[in-house]
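Colleague: no sequence for this one, just the structure:
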């Protein structure tokens, strides 16, 4: 009788891919620069914030480069548009908002497109309806930037998006004691 073939040894399971550590808000330095009037970032010269609104309390997501981080607190949303007689410049709008935020002491934590799977799995289904003016960047293939401003008494998250015709801001402020 012939020997029965021997089974090949089982392949070792591939090690799990390392997962990125969760975003740590304490890596953002506390700014001692004075904040402006809410929403802290005036429209750049030649631009306006139409369709702006402030909610005393809401819960909105911010892309931290790894996941959507939901922030609960006072929320501001608006579109960014050129004033009459001025042509909208994506580059200029982003640059001027970035300058204003860094002057406040905010730190840019990411500029990226949110992965499609994250948008599908984690973004609330009605987000673009509820936050229409501030939802730019939360759609497939759109790049956004997220900034965080830490101060002794508060943490403010900023989402900045700019397309070719207009842009948007989404801002959420929470009590510093409410963040880890």
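Modeller: Thanks, I have it. Keep in mind that this is a model prediction, so the values were computed, not measured.

Colleague: going forward, measure contacts between C-alpha atoms and count neighbours the same way
Modeller: Fine.

Colleague: Check which residues of stretch 81-95 are buried.
Modeller: By neighbour count on 16 or more other Cα atoms under 10 Å, the buried set for stretch 81-95 is 81-82, 88-90, 93-94.

Colleague: Restricted to helices, list the residues you listed.
Modeller: Among the buried residues of stretch 81-95, the members found in helices (DSSP state H) are 90, 93-94.

Colleague: and which of those residues is nearest residue 166?
Modeller: For these, the closest approach to residue 166 (Cα to Cα) belongs to residue 90, at 7.4 Å.

Colleague: quick one: the helices in this structure?
Modeller: 90-104, 116-122, 127-130.

Colleague: elements contacting the longest strand anywhere in the chain?
Modeller: Assignment by DSSP state E gives strand 68-82 as the longest strand of the chain. Here strand 68-82 is seen to pack against strand 47-48, strand 53-63, strand 167-175 when contacts are counted using 3 or more Cα pairs under 8 Å, 6 or more residues apart in numbering; DSSP states H and E.

Colleague: okay, and for this structure, where does confidence drop off?
Modeller: Applying pLDDT under 70 to the chain picks out residues 1-21, 179-180.
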